[in-house]
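Engineer: structure here, sequence nowhere to be found:
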RNA sequence: GGCCCGUUGGUCAAGAGGUUAAGACACGGCCCUUUCACGGCUGUAACGCGGGUUCGAUUCCCGCACGGGUCACCA
């Protein structure tokens, strides 16, 4: 046994497996040609960021469009950031947006798939096996520097305007002898394991990013930490080992990682792995009120950064995904226009069509996409989805809706399914205001009468109509009767007629219908009045007429 | 500061060495119309700046400016 091998044994006496054992345990995947293996690899911080969901979507589509595999791996190597049930909330988040995984964590503790464990805290022995092999080859070494020493070095480097970090002359323990290491360890000193970087300052590397194109950068020369002093791997090292062993073909991640790509590429090389393709996604931005510019959607400052925000507002998951797709591939919108009925999965997603720059997350656009989606739903579906949402977020609405399902469905059926559908509802949060006058418990009973008609005239209209209203009138006959009555009472039969000779009339049929509308609903603007009257039922309509008259008489 | 990425209307964006520089959202107007919505028509509005290369550049090259990212025993 040579010195390096002894060092490896000294550091990892408990590791008995070799990299080859894992290579055979996790063989190349047997997939069709061109199939891509992608993953979503978040930290369990208990917060699903919109940008993460976006990345997950891109990964999912990339895999499924190529008949590949999409899996969920939890990166929990930093215990400080962990949150209780963090994994479960990630799993739920993905599920609630319909992003299904082929492998990976499916609950706080369970997983499916043959390439696990899919949670990094359960993979320590694997990482250490590879580090041990690296140490045995002299490609990694224990480093006993204290934090003070390192920050001292950093200060010097900064003042001398040198590249900060541990490399070259600053890599004090790079050639530490077996005897010294042994003595220090026996002395109880703590250490990390660093890469003995083979990089040269003058070298440059390059790689082809699936989104950004060719990227060229200086080669890594830093002796980066592979294993922290608690024996746990850093992101960089875990990334290399996991994505190799899980046979990831395409690493899709935020573009904040571009700058560490040279480290990753070097790690793959040193470990003897084939590097995956990278696709670096630009972050979702938001308008910054303070600067007037754009900035990254911030978890801290922006409530809409959290996926929970959209659930709470009641944006249907399909609509959020639909919107995300329009950001991801701008030709999606065109495709959707041409194929309004098609399933999202029929769209051919392309990484290379993704924008290199960060898109501003546009709530107005989301709203539009969502309205267009909701207007295609049946009354039944709107009822189900709203009830499901209200159960969690609006109890009062939930009670109203579920107390009389048939009635609620009738309310949602108003003008629904027409060839020109209404687009009143953008999110379930809007429903309460939309349906309020159908429910005593939701309606404020304020009657917003217009002011161009006198109170006496309005009373006359309502009283007359109260006598005339026949709930058995079919839709085609209903309005002509209102018109007839309007003319009898001295109103023009049409707005145009009125406009020609305003002095001859008290107003026009719209004023008459408008008065009836306000008497019944309190509002000047509503969907089709006939359907509203039918839905309310004659008894309720009469009651409302009486109330309106009382209100006007008062 | 070093290194990297980016920059077409207010927003998302298509685009090619020569185009009237698409489309969608938002906004305005008109039409339809009993209100609203829907729909139709229509309008305002863009290639960051400076140099090259070229007959011609928004498109290619180089600078600059601006925006973003990164430089941890965090991911």
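Structural biologist: Yep, that arrived. All of these numbers come straight from a predicted model, not from anything done at the bench.

Engineer: buried ones in stretch A:262-278, by neighbour count?
Structural biologist: Buried residues in stretch A:262-278, counted by 16 or more other C-beta atoms under 10 Å: A:262-268, A:270-271, A:273, A:275-278. C-beta: built from backbone N, CA, C; applies to glycine.

Engineer: all helices of the stretch 301-450 of chain A, in order?
Structural biologist: A:307-313, A:317-328, A:331-338, A:363-374, A:379-393, A:395-403, A:405-413, A:431-435 (DSSP state H, counting those that start in this stretch).

Engineer: let's have those in CSV, adding mean neighbour count and distance to residue A:81.
Structural biologist: Formatted as CSV, the helices of the stretch 301-450 of chain A follow (neighbours: other C-beta atoms under 10 Å; distance: least, C-beta to C-beta, whole Å):
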stretch, mean neighbour count, distance to residue A:81
helix A:307-313, 19, 18
helix A:317-328, 21, 25
helix A:331-338, 14, 34
helix A:363-374, 19, 29
helix A:379-393, 17, 27
helix A:395-403, 16, 34
helix A:405-413, 18, 44
helix A:431-435, 18, 37
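
Engineer: which of the ones you listed comes out lowest on mean pLDDT?
Structural biologist: Of all the helices of the stretch 301-450 of chain A, the minimum mean pLDDT falls on helix A:331-338 (a mean of 84).

Engineer: quick one, that helix and helix A:363-374 angle?
Structural biologist: If you take axes from the mean of the first three to the mean of the last three C-alpha atoms, to 10 degrees, helix A:331-338 sits at 30 degrees to helix A:363-374.

Engineer: check which helices and strands helix A:331-338 is in contact with.
Structural biologist: Applying 3 or more C-beta pairs under 8 Å, 6 or more residues apart in numbering; DSSP states H and E, we find helix A:331-338 packed against helix A:317-328.

Engineer: could you check the angle the helix it packs on makes with helix A:331-338?
Structural biologist: Helix A:317-328 runs at 120 degrees relative to helix A:331-338, counting by the same axes, to 10 degrees.

Engineer: got a list of contacts for helix A:317-328?
Structural biologist: A:53-54, A:57-58, A:61, A:96-99, A:284, A:310, A:332-333, A:336, A:344, A:347, A:349, A:354-355, A:359, A:361, A:365-366, A:369-370, A:373-374 (C-beta atoms under 8 Å, 6 or more residues apart in numbering).

Engineer: if we use 6 Å, what do you get?
Structural biologist: Outside helix A:317-328, the residues that touch it by C-beta atoms under 6 Å, 6 or more residues apart in numbering are A:54, A:57-58, A:96-98, A:310, A:332-333, A:354, A:359, A:366, A:369-370, A:373.

Engineer: stretch A:270-288 too?
Structural biologist: By C-beta under 6 Å, 6+ apart, stretch A:270-288 touches A:50-51, A:55, A:139, A:209-212, A:240, A:243-244, A:248-252, A:254-255, A:258, A:265, A:268, A:294-297, A:302, A:351, A:357-358, A:360-361.

Engineer: residues near the residue in the stretch 1-150 of chain A that RNA strand B sits nearest to, how many?
Structural biologist: Residue of the stretch 1-150 of chain A nearest RNA strand B, by C-beta to the nearest atom of the strand: residue A:75 (3.0 Å). Residues near residue A:75, counting by other C-beta atoms under 10 Å, number 18.

Engineer: report the contact partners of it.
Structural biologist: Counting by C-beta under 6 Å, 6+ apart, residue A:75 touches A:41, A:43, A:120.

Engineer: in the stretch 151-300 of chain A, where is pLDDT below threshold?
Structural biologist: Confidence mapping of the stretch 151-300 of chain A against pLDDT under 70 gives the ranges A:287-294.

Engineer: mind jotting down where the helices sit in it?
Structural biologist: Secondary structure of the stretch 151-300 of chain A (DSSP H, counting those that start in this stretch): helices at A:178-186, A:235-245, A:261-271.

Engineer: could you dump these into a markdown table and include distance to residue A:113?
Structural biologist: Formatted as a markdown table, the helices of the stretch 151-300 of chain A follow (distance: least, C-beta to C-beta, whole Å):
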| stretch | distance to residue A:113 |
| --- | --- |
| helix A:178-186 | 37 |
| helix A:235-245 | 12 |
| helix A:261-271 | 22 |
